[in-house]
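Student: please find the sequence and the predicted model below.
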Amino acid sequence: MVLTGAAFFHKNYAYLYTHIMPQAIRDKVDEYINCEDIAMNFLVSHITRKPPMKVTSRWTFRCPGCPETLSSDIEHFNERHKCINFFVQVYGYMPLLYTQYRVDSVLFKTRLPVEKQKCFKFI
């Protein structure tokens, strides 16, 4: 699955999410104020019948001063689990496909000079 906050997708998927995806799924997302990324992954996999492609660098974002994350809250996990089960029920099958495919950036091993790192110094 791909988190939608850090994803690139075609604008048609936003239209499909809003106007074509079953209303019951959007209602569940609104009820939990959660799971919109799962709903989008279900929708795109349902339409394309393909798994997502992960494009990333090997470097990870570190934030030592950030507050506790949502994912550490057990209720957050439980809601997402309920969303998946509900979405499978609405679609009538599990559209998500397993993959380990990953595309690394061409700049993967390229270290930028310090003066060029203004946007990327924590990645």
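Tutor: Thanks, I have the structure now.
Student: now do residue 97 against residue 23, distance only.
Tutor: Distance of residue 97 to residue 23, given as CB to CB, to the nearest Å: 25 Å. Yep, even glycine has a C-beta here, placed from its N, CA and C like the rest.
Student: between these two, tell me which one has more neighbours.
Tutor: Neighbour totals were compared for residue 97 and residue 23, and residue 97 leads with 12 against 8 (other CB atoms under 10 Å).
Student: let's verify the more buried one: helix, strand, or coil?
Tutor: Three-state call for residue 97 (DSSP: H, G, I helix; E, B strand; the rest coil): coil.
Student: excluding its backbone neighbours, what's nearest it?
Tutor: Spatial nearest neighbour of residue 97, chain neighbours left out: residue 51 (4.0 Å); criterion: CB to CB, 6 or more residues apart in numbering.
Student: from what I can see the one you found touches residue 45, true?
Tutor: Yes. With contact defined as CB atoms under 8 Å, residue 51 reaches residue 45; the gap is 6.8 Å.
Student: shared neighbours of those two, anything?
Tutor: 96-97 (CB atoms under 8 Å, 6 or more residues apart in numbering).
Student: residue boundaries of the helices in this protein?
Tutor: Ranges of helices within the chain are 11-19, 23-32, 36-48, 74-91, based on DSSP state H.
Student: in CSV: these, plus mean pLDDT and distance to residue 101.
Tutor: Converted to CSV, these look like this (pLDDT from 0 to 100; distance: least, CB to CB, whole Å):
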stretch, mean pLDDT, distance to residue 101
helix 11-19, 92, 19
helix 23-32, 96, 26
helix 36-48, 93, 13
helix 74-91, 93, 21
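Student: just say which of those helices is most tucked in.
Tutor: Counting by mean count of other CB atoms under 10 Å, helix 36-48 has the highest mean neighbour count of the helices of the chain, with a mean of 20.
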